[in-house]
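**Q** Fold the following.
(one chain, ligands or ions: 1)
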Amino acid sequence: MKLTIIFRGEVNFFLSRTSQRSVFKHTLARKASVKDIVESFRVPHTEIGNLLFNRMSVDFSFNPESDGELVVEEIKSPYDVTRPSYLRKEALDELRFLADVNVMKLGRLLIMLGFDVQVSDSFSDKTIARIADEEKRVVLTRDTDLLKRKKIVFARRLRNHNPYDQLYETLHFFGITGPFNFFSRCSSCNTRLERIEKEKIIHRLAPKTKKYYNTFYICPDCMRIFWKGSHHDSMKKRFESKGIKV
Ligand SMILES: [Zn+2]
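**A** Residues are numbered from 1 along each chain as shown. The predicted model follows:
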């Protein structure tokens with residue numbers, strides 16, 4: 001079978017840099033799903049917003065059985081993962097993330113904005129895929145091959161290197177405009193913080209913290225203590241300098 005494959009929009013990011021083409025003649029020697037065909041060009045299924053075979057919408061499991069034209073389109077931003085689509089009929093209830101080890105800092109920044117983010121420091125690809133599937137999380141990564149796993153349905157392969165640029169990219173791609181729940185989760189383990197009376201933790205405070213601060217929060221999981229000190233203020237300024245109002 002002979003296919004003409006046309007890649008449209010941002011999926012071109014994944015194509016071989018040397019060829020600089022977005023239209024390919026492809027001969028299919030054996031039966032293959034559209035997912036496998038497209039991923040043989042390095043485009044992970046998670047980055048595809050629409051598939052057309054001879055101008056008809058098809059899903060990832062479709063096997064072309066005649067010659068034809070396959071159009072592969074990008075996911076258009078803002079990408080609302082809570083709305084079902086032809087390719088992803090089961091939408092998510094809410095936007096929750098799983099940050100791969102290569103975007104850990106991005107993961108921590110999203111936690112600081114109040115998002116539920118599982119941050120991986122040592123998960124295998126298989127474990128990431130399993131957690132994403134079971135906990136219905138959007139995977140954030142710079143590893144293209146990871147996103148070829150079937151169990152990963154929602155994801156973003158980050159284009160940027162700098163964590164703050166990645167944060168902007170994530171917010172923009174998923175159409176997140178706030179308001180944010182800044183400083184509501186433990187930046188270490190993602191658990192929701194709780195208010196705690198100063199008297200109960202006073203023995204754990206450094207003299208200056210004891211003197212200048214009165215409002216404290218605790219992570220009920222890892223027991224870390226938080227207060228709105230200089231680190232909080234500098235983070236807030238940093239976010240705001242990037243146009244993110246917290
Ligand atoms: Zn914690």
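**Q** who's in contact with the closest residue to residue 65 other than its chain neighbours?
**A** Computed as Cβ to Cβ, 6 or more residues apart in numbering, the closest residue to residue 65 that is not its neighbour in sequence is residue 1, at 7.5 Å. To be clear about C-beta, it is placed using only N, CA and C from the backbone, and glycine gets the same treatment. The neighbourhood of residue 1, defined by Cβ atoms under 8 Å, 6 or more residues apart in numbering, consists of 27, 28, 64, 65, 66, 67.
**Q** and the two most separated of these?
**A** Greatest spacing in the contacts of residue 1, by Cβ to Cβ: 27 and 65 (14.5 Å).
**Q** is residue 225 in a bridge, and if so with what?
**A** Under DSSP bridges, the beta-bridge partners of residue 225 are residue 218.
**Q** and it, what does it touch?
**A** Contacts of residue 225 (Cβ under 8 Å, 6+ apart): 196, 201, 204, 205, 216, 217, 218.
**Q** How about residue 75?
**A** So residue 75 contacts 10, 47, 48, 49 (Cβ under 8 Å, 6+ apart).
**Q** if you set the cut-off to 7 Å instead, what comes out?
**A** 47, 48, 49 (Cβ atoms under 7 Å, 6 or more residues apart in numbering).
**Q** you'd agree residue 131 is up against residue 100?
**A** No. Using Cβ atoms under 7 Å, residue 131 is not in contact with residue 100; the gap is 11.0 Å.
**Q** Would you mind telling me which of those two has the busier surroundings?
**A** residue 100 (24 against 18; other Cβ atoms under 10 Å).
**Q** measure that one to residue 118 for me?
**A** For residue 100, the distance to residue 118 (Cβ to Cβ, to the nearest Å) stands at 10 Å.
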